[in-house]
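Visitor: Would you be able to build a 3D model of this:
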Amino acid sequence: MKAKEVKISEIIKGSFLADSRWNRHRLFVLWLALLALLSIFSGHMVERKVLILSALQSEMKDLNSEFTETRSRLMKLSMRSKIKQRAEAVGLVESKEPPLMIVVDKKGRLVKQDEK
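Guide: Below is the predicted model:
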């Protein structure tokens, strides 16, 4: 065996840390460890963002379908025939005469009254 080879038993025992070769490269090894930790942290943050995004997209689909359903219901309720049915149920009837347009100036005087 070569003198520079590190045995598995030395790694398990940790005796390679006392070797002079380790002292020369410890800053580089620590830098690599820091980069590895940063990479792991970044991966976890990305995964968390993906989960949040997925939940928000699901909620958006639910809200969009609720909006479509509500808009459809509103369109049905605002139809002239439906309004007429609801008004008749309350006791209101449709006027036979057209509406009058009354225009009043700022002082409160009658300016014009249209009759059609």
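
Visitor: give me the number of residues near I40?
Guide: Counted by other CB atoms under 10 Å, the residues lying close to I40 total 10. All C-beta spots, glycine's among them, are computed from the backbone N, C-alpha and C.

Visitor: what about it, is that helix, strand or coil?
Guide: Using DSSP: H, G, I helix; E, B strand; the rest coil, the structure places I40 in helix.

Visitor: swap in E94?
Guide: Recorded secondary structure, E94: coil (three-state DSSP).

Visitor: what residues are up against it?
Guide: Going by CB atoms under 8 Å, 6 or more residues apart in numbering, E94 touches K84, A87.

Visitor: Name the residue closest to the centre of the protein, please.
Guide: L56 (4.5 Å; CA atoms, centre = their mean).

Visitor: And that one, how close does it get to F67?
Guide: Using CB to CB, to the nearest Å, one gets 16 Å for the distance from L56 to F67.

Visitor: which residues in this structure form helices?
Guide: Along the chain, counting by DSSP state H, helices occupy 8-13, 20-77, 80-90.

Visitor: Now do stretch 40-49: distance to the chain's middle.
Guide: The chain centroid and the centroid of stretch 40-49 are separated by 18 Å under CA atoms, centre = their mean, to the nearest Å.

Visitor: Good, wrapping up.
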